[in-house]
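Q: Here is my input, please return the structure:
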Amino acid sequence: MDTILQLYRPEGHPAKYKAVIEAIRQSIETHVLAPGDKLPPVRDLAWDLKITPGTVARAYTALTDEGVLTAAVGRGTFVAKPDKRKHGVFDQRWDWPVQDDTSPMVNLFSPKLPDVGQVALIHDAMAQLSSRPSLDLLSYPTRAAFEPARQAVMRWLADTPLGPLDQDDIVLSHGGQNGVTLVMQAVLRGRRPVVVVEELCYPGFRRAAELMRAEVVSVPMDDQGIIPEALEAVVQRHDAHLLCTSPEIQNPTGAITPLERRKKIAEIARRYDMHILEDDCYRIAQSHDLCYRALLPNHSWYVASISKALTPALRVGFVVAPHEKRADLRRVAEHGFFGLALPLAHLTADLLSRDETYEVVDRVNIALADLVRRAVNILGGYDVSWREDVPFLWLKLPQGWRAGAFCQAAEAQGVQVRSAEDFAMRDARAPHAVRVAMNAQTSIERFEAAILCLRRLLDNPPERIAV
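A: This next block holds a predicted model:
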């Protein structure tokens, strides 16, 4: 690591990750790093270089794609051996376990994560849990008992630009959806409160609002998310209490709301005394810009989970409250379910405190990015919105296809995708588009065959009905 530190020269490169790449290349060329040598964990190198883990992960990914490095599932990143290179490019096939190849359907409805070491980590953490004092299993959990888990969440959120953050601002939830409901319970007041959502959005926003007997109103958006002027008109008309939005990875379009637009939206919320719920559950890479909690600290709530980065099976999420509202959030959680089961909190503290967990997250990101590239290569030529750090594609259908008909045709051929109609208000007119999620729990061959099936459907739309 010392050599990489000495060779790292960010001032000579337009992007810091390129400086990391150059430092690693020089370390290999000067034989300080030899074939088979293990590189430092992403988080450790990022700490020493005073940069974000996402920057180091990006450098490792680029060098792995070139064949300079190789990733060993659950073990780390190594300098590639010469016999593993093919014309300067590492001939890499991700070797994660296949889980659902016997199913008649290839599920591209929701993202499915690869097992790149997290199952073994969870099993080990459970084994460690079994050795804890038995008295933990005989008492109701207290807030103090959750402190190690909250501290571990602080580490998980270390690179998220949330503004000033204290562990007492955090409440653990049963996944992101439960976190959304907790925020609404803490914020909404009156007989018929109003919740504003993007015109295409995560359906869980609407479901949680309906449980709260709230009125749900949508606001128009473009390729950068919510349109501020349209939001202000909606807020004025409906006296909205809460805006639910996903500025980092908009679900289902994958759009990013740029900082200047976030500032305008935050100012509208401040002016009309409206709260903002930021759902960041899909992000597994570096944040692009400041969160709303940093822009509007007294009115913004942040919800995330480990479901898209590590595992959805444990149902672990977390909510970060405005500092002045954290007592309201704690009260809602304590009155609703007394907090997570204490063994689950201990398990969360263990997992999120391990260096290996963050290496696994990097592996998940790399593996899903590989699937995204494969899918885009097959679907090229059609209107596809995508990013390598987003585990789904947003596919606008060509003339002749409607979303519902396309989904039915795909399912008839053994492929499940999600219609734009699932993300729109019930009475709204949805665009002719579908969301195609990455499935890393099937073989590469079967995944690519499913994407090829979609491509054939796109190439051969049904006859249009004359009107």
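Q: rest of the way, CA atoms for contacts and neighbours
A: Fine.
Q: Any buried residues in the helix or strand encompassing Phe205, and which?
A: Taking DSSP states H and E as the criterion, the element that holds Phe205 is helix 203-211. By neighbour count on 16 or more other Cα atoms under 10 Å, the buried set for helix 203-211 is Phe205, Arg206, Arg207, Ala208, Ala209.
Q: Could you do stretch 442-450 as well?
A: In stretch 442-450, residues buried by neighbour count (16+ other Cα under 10 Å) are Thr442, Ser443, Ile444, Phe447, Glu448, Ala449, Ala450.
Q: that older thread, and the contacts of the helix holding Phe205?
A: Taking Cα atoms under 8 Å, 6 or more residues apart in numbering as the criterion, the residues outside helix 203-211 that touch it are Gln177, Val180, Thr181, Met184, Val195, Val197, Glu215, Val216, Cys244, Asp422, Phe423, Ala424.
Q: Of the residues you listed, which belong to helices?
A: When DSSP state H is applied, the contacts of helix 203-211 are split such that Gln177, Val180, Thr181, Met184 fall in helices.
Q: Is it possible to get JSON lines of these that adds distance to Glu356?
A: Shown next, in JSON lines, are those (distance: Cα to Cα, whole Å):
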{"residue": "Gln177", "distance to Glu356": "27"}
{"residue": "Val180", "distance to Glu356": "29"}
{"residue": "Thr181", "distance to Glu356": "31"}
{"residue": "Met184", "distance to Glu356": "35"}
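Q: Longest helix in the protein, please.
A: For the chain, the helix with the greatest residue count under DSSP H is helix 355-379.
Q: Go ahead and measure how far that helix is from the middle of the chain.
A: The chain centroid and the centroid of helix 355-379 are separated by 12 Å, computed with Cα atoms, centre = their mean, to the nearest Å.
Q: Quick check: what element follows that helix along the chain?
A: Going down the chain from helix 355-379, the next helix or strand is strand 383-385, by DSSP H and E.
Q: which parts of the longest helix of the chain are buried?
A: Taking 16+ other Cα under 10 Å as the basis for neighbour counts, the residues of helix 355-379 that come out buried are 356-372, 375-376, 378-379.
Q: which ones are touching Leu121?
A: Remark: with contacts taken as Cα under 8 Å, 6+ apart, Leu121 is in contact with Leu351, Glu356, Thr357.
Q: what's the answer for Pro462, then?
A: By Cα under 8 Å, 6+ apart, the contact set of Pro462 is Gly400, Trp401.
Q: Tally up the residues packed near Ala410, please.
A: By the measure other Cα atoms under 10 Å, the count of residues near Ala410 is 19.
Q: ok, and the residue at minimal distance from the centre of the chain, which helix or strand is that part of?
A: The structure's the chain has its C-alpha centroid closest to Tyr282; by Cα atoms, centre = their mean the separation is 2.1 Å. Taking DSSP H and E as the definition, Tyr282 sits outside all helices and strands.
Q: I'd like to know how far it sits from Glu248.
A: Noted for Tyr282: a distance of 8 Å to Glu248, by Cα to Cα, to the nearest Å.
Q: Ok, Thr181 next?
A: For Thr181, the distance to Glu248 - Cα to Cα - is 20 Å.
Q: ok so, going back, need the max-distance pair from the ones in helices among the contacts of helix 203-211.
A: Using Cα to Cα, the two most remote members of the ones in helices among the contacts of helix 203-211 are Gln177 and Met184, lying 10.9 Å apart.
Q: For the two, indicate the residue with more neighbours.
A: The residue with more neighbours, out of Gln177 and Met184 and counting by other Cα under 10 Å, is Met184; that gives 26 against 21.
Q: can you list the domain ranges for the chain.
A: By the assignment in automatic domain parsing, the chain contains the domains 2-90, 106-116+357-459, 142-340.
Q: ok now the second one, how far from the chain's centre?
A: Going back to what we said before, that points to domain 106-116+357-459. Taking Cα atoms, centre = their mean, the mean C-alpha location of domain 106-116+357-459 is offset from the chain mean by 16 Å.
Q: can you check the last one too?
A: Domain 142-340 has its average C-alpha position 14 Å from the chain's average C-alpha position, going by Cα atoms, centre = their mean.
Q: What's the end-to-end length of that domain?
A: Using Cα to Cα, the end-to-end distance of domain 142-340 comes out at 10 Å.
Q: one step back: neighbour-wise, which of Thr181 and Glu248 wins?
A: Ranked by neighbour count (other Cα under 10 Å), Thr181 and Glu248 place Glu248 first, with 24 against 20.
Q: Find the helix or strand that the closest residue to Ala440 other than its chain neighbours is a member of.
A: Excluding its sequence neighbours, the residue lying closest to Ala440 (Cα to Cα, 6 or more residues apart in numbering) is Pro114, at 4.8 Å. Taking DSSP H and E as the definition, one finds Pro114 inside no helix or strand.
Q: what about Pro114, how many residues close to it?
A: A count of neighbours around Pro114, defined by other Cα under 10 Å, yields 26.
Q: what comes into contact with stretch 415-425?
A: 105-109, 199-203, 218, 252, 403-404, 407, 410-411, 429-437, 450, 453.
Q: how close does Val20 sit to Glu411?
A: The spacing between Val20 and Glu411, counted by Cα to Cα, is 45 Å.
Q: nope, Ala255 is what I meant
A: Using Cα to Cα, which is the criterion applied here, Ala255 is 27 Å from Glu411.
Q: For Glu248, which non-adjacent residue is spatially closest?
A: In space, Glu248 comes closest to Ile256 once its chain neighbours are excluded; the distance is 5.1 Å by Cα to Cα, 6+ apart.
Q: Three-state assignment for the one you found, please.
A: coil (DSSP: H, G, I helix; E, B strand; the rest coil).
Q: Next, find the distance separating it from Asp280.
A: 12 Å.
Q: tell me the angle the host helix or strand of Val153 makes with helix 355-379.
A: When secondary structure is defined by DSSP H and E, Val153 falls within helix 147-156. Using axes from the mean of the first three to the mean of the last three Cα atoms, to 10 degrees, one finds that helix 147-156 and helix 355-379 are set 40 degrees apart in direction.
Q: Now do the buried residues in helix 147-156.
A: Taking 16+ other Cα under 10 Å as the neighbour-count basis, helix 147-156 is seen to contain the buried residues Glu147, Pro148, Ala149, Arg150, Gln151, Ala152, Val153, Met154, Trp156.
Q: tell me what the helix or strand just after that helix is packed against?
A: Heading C-terminal from helix 147-156, the first helix or strand you meet, by DSSP H and E, is strand 170-173. Counting contacts by 3 or more Cα pairs under 8 Å, 6 or more residues apart in numbering; DSSP states H and E, strand 170-173 packs against helix 147-156, strand 317-320, helix 326-337.
Q: Return the alpha-carbon coordinates of the second one using PDB.
A: These are the backbone C-alpha positions of strand 317-320, laid out as PDB (Å, rounded to 0.1, in the frame of the first residue of the first chain):
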ATOM      1  CA  GLY A 317     -33.300  -0.700   6.800                       C
ATOM      2  CA  PHE A 318     -32.700   2.600   8.500                       C
ATOM      3  CA  VAL A 319     -34.200   6.100   8.800                       C
ATOM      4  CA  VAL A 320     -32.300   9.200   9.500                       C
END
